[in-house]
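1. Let's see this in three dimensions:
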Amino acid sequence: MRLGYVCDVLFNILTGQITALVVPGPCRFFGLFGREDDYIIPWDCIRKIGEDIILIQIENELKREKRPRRPIFLSV
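-> Predicted coordinates:
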């Protein structure tokens, strides 16, 4: 199953270690209504990192996190 591109990483600020990768959820209705929740992939689930692919092994369902709403700036 292909999830998409990594858009962010989560890391422990005290140790400097990466704890998870964040992949955007799939588009809703041709991308007109935004995206679904992001996938959070724990670092422990990563099996191999290649040039253009990251292989993961998930025992349970992936954790999904709500996508934060971005503020809308209007210029007058």
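
2. distance of the nearest residue to Cys7 once chain neighbours are set aside from Arg47?
-> In this structure, Cys7 finds its nearest non-sequential neighbour in Pro24, 5.2 Å apart by CB to CB, 6 or more residues apart in numbering. C-beta coordinates here come from the backbone N, C-alpha and C atoms, glycine included. In this view, Pro24 and Arg47 are 21 Å apart by CB to CB, to the nearest Å.

3. How many neighbouring residues does Leu3 have?
-> By other CB atoms under 10 Å, 15 other residues sit near Leu3.

4. Which strand residues bridge the closest residue to Leu3 other than its chain neighbours?
-> Nearest residue to Leu3 in three dimensions, chain neighbours excluded: Val23, at 4.8 Å (CB to CB, 6+ apart). In this entry, Val23 is beta-bridged to Tyr39, by DSSP bridges.

5. burial measure for Val23, as a count.
-> With other CB under 10 Å as criterion, Val23 counts 18.

6. thought it was touching Met1?
-> No: using CB atoms under 8 Å, Val23 is not in contact with Met1, being 11.4 Å away.

7. Now the residue nearest to Cys7: phi and psi?
-> When quoted as degrees, to the nearest 10, the phi and psi of Pro24 stand at phi -60, psi 150.

8. Now do it against Ile49, distance only.
-> 19 Å.

9. quick one: which of those two has more around it?
-> Pro24 (17 against 10).

10. you'd agree the more buried one is up against Asp38?
-> Yes: with contacts defined as CB under 8 Å, Pro24 counts as touching Asp38 at a distance of 5.6 Å.

11. Quick check: which ranges of this structure have low pLDDT?
-> 29-36, 61-76 (pLDDT under 70).

12. in it, which spans are strands?
-> In the chain, the strands defined using DSSP state E lie at 8-11, 18-23, 38-42, 46-49, 54-56, 63-65.

13. out of the ones you listed, deepest packed?
-> strand 38-42 (a mean of 19; mean count of other CB atoms under 10 Å).
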